[in-house]
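sequence isn't available, so here's the structure alone:
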């Protein structure tokens, strides 16, 4: 396994860890929410649900506006992927927390959307890393 392969492998492990955190939290919340009385009565307003949607839109948009790293250095590329994933991770956690607080199923969709963006659009693949390495001197 060459140096480039080890770099990609490390990035993938980091990416999986950043995706797994909010995914596991969401799964635990969904499991706990099966008992309607576990969290007490549902609050009257869907404030957190709608806030989670706004946060999701904001963090996903922000993740696409982050500047690409200067130079083909793997450390900068690693930081770039971590930043993109971590920004969107906040939206996934907010969606899961909103579901935990209010029990509104729409919040699950918000969290799932953020997780999908992380897994499909920001996950460090060989092509994405090679593009960042090749685009820079």
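Structure received. What you see is a predicted model, and the numbers here were worked out from it, not measured in a lab.

name the helix or strand for residue 104, please.
Under DSSP states H and E, no helix or strand contains residue 104.

quick one: it from residue 46, how far?
Residue 104 sits 6 Å away from residue 46, going by Cβ to Cβ, to the nearest Å. Every residue, glycine included, has its C-beta placed from N, CA and C.

can you check residue 120 too?
As for residue 120, its distance to residue 46 is 27 Å (criterion: Cβ to Cβ).

contacting residues around the spatially most central residue of the chain?
Centroid-nearest residue in the chain, with Cα atoms, centre = their mean: residue 89, separated by 3.0 Å. By Cβ atoms under 8 Å, 6 or more residues apart in numbering, the contact set of residue 89 is 18, 19, 21, 22, 114, 118.

what's the local residue count around residue 113?
For residue 113, the neighbour count with other Cβ atoms under 10 Å is 18.

just give the closest residue to it, not the sequence neighbours.
residue 56 (6.1 Å; Cβ to Cβ, 6 or more residues apart in numbering).
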